[in-house]
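Asker: sequence unknown, structure follows:
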């Protein structure tokens, strides 16, 4: 392999905009960038990295990659938190679809994007509003508890009941995200779930489900770092839903969401690895380490 650029990712008229936000993610940000840069696709892709003020070398890693791959753009400026940073990335996005890849996550294969978008044509009026895929969450190489975060089969059929799509596996038409105002940056833990519920309620979006993993999520993150964080996220979600739904319905939606999260639990080895580690050109490796 000569370089990541052989796959011809192109930021001009992108079909997909990938947004990655970071804050002191130097140990993992290169994995996220590499997993995008090594995608084998026949459509244009842009990758937007938004860093809110890292002091651990994350910005330098992003800068070195952006100097070598044309599809990567960077935004370095302060923000009001995770979801405000995501909104900055969304505002900069130009793709028909937008997907958010966390700084400590990566795509599970070099054909991830090609598989998710198989059969779709950029600009076609027949493209679905949402392409929803499965996600695995755990610790690489570790025997223990992990989560297989699958798209519920009844999603889209039972609307407004609390079923939801895991955000790192969700490709959404940018026009819908813009119409809904992006993320509610006043929420600290549940703005991604709230956004899905709002999309479902306001637009009744057309959905395509891809029954395979696209993203590996490392354990952690603001809403998944502990049982307490998950509890606080559920409380925040309930309080927000209660503003537009009855108390009973809001509680029911939170219960359904919690049950969905519980049935995701598995035991064993999480079935993914850093597939790109041996494939990244040595010059790129030296540039980002």
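Answerer: On my side now, so go ahead. No experiment lies behind these values; they were computed from the predicted model shown.

Asker: C-alpha only now, for contacts and for neighbours.
Answerer: Fine.

Asker: I'd like to know how far residue 277 sits from residue 109.
Answerer: 12 Å (Cα to Cα, to the nearest Å).

Asker: Let me fix that, I meant to ask about residue 256.
Answerer: Going from residue 256 to residue 109 by Cα to Cα gives 31 Å.

Asker: Those two: who's more crowded?
Answerer: Between residue 256 and residue 109, counting by other Cα atoms under 10 Å, residue 109 is the more crowded of the two (23 against 15).

Asker: Next up, phi/psi of residue 18, please.
Answerer: Main-chain torsions, residue 18, degrees, to the nearest 10: phi -100, psi 130.

Asker: Can you get me a residue count around it?
Answerer: A total of 26 residues lie near residue 18 under the criterion other Cα under 10 Å.

Asker: where does the stretch 1-150 of the chain have low pLDDT?
Answerer: Within the stretch 1-150 of the chain, the stretches with pLDDT under 70 are 1-8.

Asker: Check which helix or strand residue 187 maps to.
Answerer: Following DSSP states H and E, one finds residue 187 outside all helices and strands.

Asker: That one: what's it in contact with?
Answerer: Taking Cα atoms under 8 Å, 6 or more residues apart in numbering, we find residue 187 in contact with 83, 236.

Asker: now residue 23
Answerer: The contact partners of residue 23, by Cα under 8 Å, 6+ apart, come to 51-54, 58.

Asker: could those go into CSV alongside secondary structure and neighbour count?
Answerer: Below are the contacts of residue 23 laid out as CSV (DSSP: H, G, I helix; E, B strand; the rest coil; neighbours: other Cα atoms under 10 Å):
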residue, secondary structure, neighbour count
51, strand, 26
52, coil, 21
53, coil, 15
54, coil, 17
58, helix, 22
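
Asker: I'd like those residues as TSV, with distance to residue 265 appended.
Answerer: Putting those into TSV (distance: Cα to Cα, whole Å) gives the following:
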residue	distance to residue 265
51	32
52	32
53	34
54	33
58	32
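
Asker: tell me which of the residues you listed is nearest to residue 127?
Answerer: Nearest to residue 127 out of those is residue 51 (Cα to Cα; 31.3 Å).

Asker: any idea how far residue 60 is from the closest one?
Answerer: In this view, residue 51 and residue 60 are 11 Å apart by Cα to Cα.

Asker: Repeat that for residue 124.
Answerer: Using Cα to Cα, one obtains 38 Å as the distance from residue 124 to residue 60.

Asker: okay, these two: which has more neighbours?
Answerer: Using other Cα under 10 Å, the more surrounded residue of residue 124 and residue 60 is residue 60, with 15 against 8.

Asker: tell me which element that one falls in.
Answerer: With DSSP H and E as the test, residue 60 turns up in helix 58-66.

Asker: got it, and residue 234?
Answerer: Per DSSP H and E: helix 227-241 holds residue 234.

Asker: again, but for residue 75
Answerer: Counting by DSSP H and E, residue 75 is part of strand 72-76.

Asker: Could you check the helix or strand following that strand and say which residues are buried?
Answerer: Going down the chain from strand 72-76, the next helix or strand is helix 82-92, by DSSP H and E. By neighbour count with 16 or more other Cα atoms under 10 Å, helix 82-92 contains the buried residues 82-90, 92.

Asker: Which single one of these is nearest to residue 238?
Answerer: When the buried residues of helix 82-92 are ranked by distance to residue 238 (Cα to Cα), residue 83 comes first, at 18.3 Å.
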